[in-house]
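# I would like the atomic coordinates for the input below:
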Amino acid sequence: MFPIETISAKMLDYYVGRTDALIIDLRDEEAYDSSHVTGAVSIPYEELENRNDLPVNKTLVFYCDRGGASMAAAREFVRRGYRTRSVIGGFAAYRGRNLVISR
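Numbers count the residues shown, from 1 in each chain. The predicted structure is shown next:
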C-alpha cells in the first residue's frame with residue numbers, strides 16, 4: 001500500500017500537464033465551472049465512491065475547497081491501491097499560474 005501524501009497548493013503546478021498524474025477537482029460542478037486548475041477533471045466528492053474507472057498507473061492528485069474532502073479521497077484511493085496526493089488548504093489556497101476562470 002502506498003502512503004498518503006499531502007502537498008501544498010503551490011505544488012499543484014508541478015502536476016499540471018504531467019502524463020503520469022491525474023488532477024481531480026472534488027468540488028461541485030458549479031464551483032468547477034467558475035474556476036479550476038488547468039487540466040483538472042471534475043468528479044464531485046459525492047460521486048467519487050462509485051468511480052472504478054480511474055487509472056491505477058497515474059498518481060491521483062485530489063483537491064477540494066479547503067482540503068478535508070481531498071484527504072478523505074486520498075485515504076480511500078490509497079486503500080484501493082492507488083498513489084495519491086491531497087492538497088493542503090484545497091483550492092482556496094491555490095495561487096498558481098495554471099488557473100482557469102470561466103465566469
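# going forward, measure contacts and count neighbours with C-alpha atoms only.
Will do.
# Spatially central residue (nearest the centroid) of this protein, please.
Phe62 (2.0 Å; C-alpha atoms, centre = their mean).
# wait, isn't it in contact with Ile24?
Yes - using C-alpha atoms under 8 Å, Phe62 makes contact with Ile24 at a distance of 4.9 Å.
# Partner strands of the lowest-mean-pLDDT helix or strand in the chain, with direction?
The weakest-scoring helix or strand in the chain, judged by mean pLDDT, DSSP states H and E, is strand 99-101 (a mean of 73). Here strand 99-101 has these sheet partners by DSSP bridges: strand 35-37 (antiparallel).
# distance between the helix or strand that the partner strand is followed by and the chain's centre?
Per DSSP states H and E, the first helix or strand lying C-terminal to strand 35-37 is strand 41-42. With C-alpha atoms, centre = their mean, to the nearest Å as the basis, strand 41-42 stands 8 Å off its chain's centre.
# show me what contacts Ala73?
Tyr45, Leu48, Phe62 (C-alpha atoms under 8 Å, 6 or more residues apart in numbering).
# Apply 10 Å and report the result again.
26, 45, 48-49, 60-64, 79, 84-86 (C-alpha atoms under 10 Å, 6 or more residues apart in numbering).
# same thing with Met11?
Val87, Ile88, Tyr94, Gly96.
# will you turn the residues you listed into CSV that also has pLDDT and secondary structure?
Shown next, in CSV, are the contacts of Met11 (pLDDT from 0 to 100; DSSP: H, G, I helix; E, B strand; the rest coil):
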residue, pLDDT, secondary structure
Val87, 96, strand
Ile88, 95, strand
Tyr94, 91, coil
Gly96, 77, coil
